[in-house]
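J.: please find the sequence and the predicted model below.
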Amino acid sequence: MSELLRIEDLKIHYPIRSGFFNRVTDYVYAVDGVDFVIEKGKTYGLVGESGSGKSTIGKAIVGLEKTTSGKITYEGQDVTKKSVRRHLNYNKDVQMIFQDSMSSLNPKKRIVDVIAEPIRNFERLSDQEEKQKVRKLLDIVGMPDDALYKYPHEFSGGQRQRIGVARAVATNPKLIVADEPVSALDLSVQAQVLNFMKQIQEEFGLSYLFISHDLGVVKHMCDNIAIMYKGRFVEIGTREDIYLRPQHIYTKRLLSAIPRIDVANRDKHMDNRRKVEKEYQESQGDYYDSNGRVFDLSSLSPTHQVALKRGGA
Ligand SMILES: Nc1ncnc2c1ncn2[C@@H]1O[C@H](COP(=O)(O)OP(=O)(O)OP(=O)(O)O)[C@@H](O)[C@H]1O
């Protein structure tokens, strides 16, 4: 086992203030003593109901949330303190993807700037080099070149999540914290984004901390899993341990609530949907080529129409 990140006895407590003097009267124990290790090239899943503390752990790892106590060790170095993180270029190595791509991508910036922003923090590239790098990143996430000068609102939710992934991998990170990255997407688009996150993982040797309330999605993605309840881990184990031999009553309850859609078969479901959509488009007189461009068949000669339908576009 090759360790990338270690979390030890992590606690994050939020003070609750009340009364005339705004005194601290109690605490929300959002994270209350968790330990786990993320291995290089592997995916660690955090599962639990809303409010169990998953996002708080993710945010603490990327430095968006201050820890109350405990230790975060990255490649053998204690990165709990901000000064050490800065010194190690930790913010380049550890990136985050959020659920809501519409609010996490700046709506006023074109995609070229959205993706180039994290690069600019760490590298000095000429305009030309920067564009070339962004083009390459767009290509990796399967987006066309002309996306470069468009704005986030001009894309679908799935496309925006791809752009979010392109942005996250722009600095060649070693770890990506993915907080509910597909929860806002249709089932068929979820499979697309998940499979493609796996491809990128293999290509870049990435590790993921994958946060989700959906045990079906987690089964598809994660090697090791922690089940969270009220700030603590009630069960941890490998994917097989959790799905084949769950021990804790809470895990068993969560497992029995998984919808009957198998993530591995979502692709098939998606292919079918695409086929139906394509047939529909053809019946309407439109035809999409492999780049997603629309051809108006009625504007072509009958011979061309036949050639195009045979795959000649
Ligand atoms: N800034 C904050 N101040 C006070 N309490 C907070 C703050 N942020 C989170 N909490 C509380 O901490 C607990 C854990 O929240 P967290 O967002 O980590 O849960 P979660 O498991 O990620 O849930 P969800 O899936 O809904 O995001 C919740 O009770 C939440 O209300």
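T.: That came through fine. Numbers count the residues shown, from 1 in each chain.
J.: so which residues on the stretch 151-300 of the chain come close to the ligand?
T.: residue 213 (Cβ under 6 Å from any ligand atom). C-beta here means a position set from N, CA and C on the backbone, and glycine is covered the same way.
J.: and the helices in the stretch 151-300 of the chain?
T.: Using DSSP state H, counting those that start in this stretch, the helices found in the stretch 151-300 of the chain span residues 157-169, 187-204, 215-221, 239-244, 249-256, 266-283.
J.: can you lay out those helices as a markdown table showing mean neighbour count, mean pLDDT and distance to residue 132?
T.: Listed next are the helices of the stretch 151-300 of the chain as a markdown table, based on neighbours: other Cβ atoms under 10 Å; pLDDT from 0 to 100; distance: least, Cβ to Cβ, whole Å:
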| stretch | mean neighbour count | mean pLDDT | distance to residue 132 |
| --- | --- | --- | --- |
| helix 157-169 | 23 | 89 | 14 |
| helix 187-204 | 18 | 87 | 18 |
| helix 215-221 | 22 | 91 | 31 |
| helix 239-244 | 15 | 95 | 39 |
| helix 249-256 | 15 | 90 | 46 |
| helix 266-283 | 13 | 50 | 31 |
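J.: tell me the domain ranges of this structure?
T.: Using automatic domain parsing, the domains assigned to the chain come out as 3-102+170-261, 266-313.
J.: could you identify which of those domains is most buried?
T.: Using mean count of other Cβ atoms under 10 Å, the stretch among the domains of the chain with the greatest mean number of neighbours is domain 3-102+170-261 (a mean of 18).
J.: for it, what is the distance to the chain centroid?
T.: 11 Å (Cα atoms, centre = their mean, to the nearest Å).
J.: tabulate the domains of the chain in CSV, adding columns for distance to residue 148.
T.: Formatted as CSV, these follow (distance: least, Cβ to Cβ, whole Å):
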stretch, distance to residue 148
domain 3-102+170-261, 14
domain 266-313, 15
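J.: how about those domains, which one is nearest residue 159?
T.: domain 3-102+170-261 (8.9 Å; Cβ to Cβ).
J.: picking that back up, out of the domains of the chain, name the one with the poorest average pLDDT.
T.: Between those, the lowest average pLDDT goes to domain 266-313, which shows a mean of 44.
J.: is the nearest residue to residue 231 once chain neighbours are set aside in a helix, a strand, or coil?
T.: Computed as Cβ to Cβ, 6 or more residues apart in numbering, the closest residue to residue 231 that is not its neighbour in sequence is residue 32, at 3.7 Å. When classified by DSSP: H, G, I helix; E, B strand; the rest coil, residue 32 comes out as strand.
J.: and for residue 14?
T.: From three-state DSSP, the assignment for residue 14 is strand.
J.: where's the residue nearest to it when sequence neighbours are not counted, which helix or strand?
T.: Closest residue to residue 14 apart from its sequence neighbours, by Cβ to Cβ, 6+ apart: residue 28 at 4.3 Å. Secondary structure assigned from DSSP states H and E places residue 28 in strand 23-39.
J.: before we move on, the earlier item: is the residue nearest to residue 231 in a bridge, and if so with what?
T.: residue 11 (DSSP bridges).
J.: doesn't residue 11 make contact with it?
T.: Yes: taking Cβ atoms under 8 Å as the definition, residue 32 is a contact partner of residue 11 at 5.7 Å.
J.: distance check, the residue in the stretch 201-313 of the chain that the ligand sits nearest to against residue 229.
T.: Per Cβ to the nearest ligand atom, residue 213 is where the stretch 201-313 of the chain lies closest to the ligand, at 5.6 Å. To residue 229, residue 213 is 12 Å away according to Cβ to Cβ, to the nearest Å.
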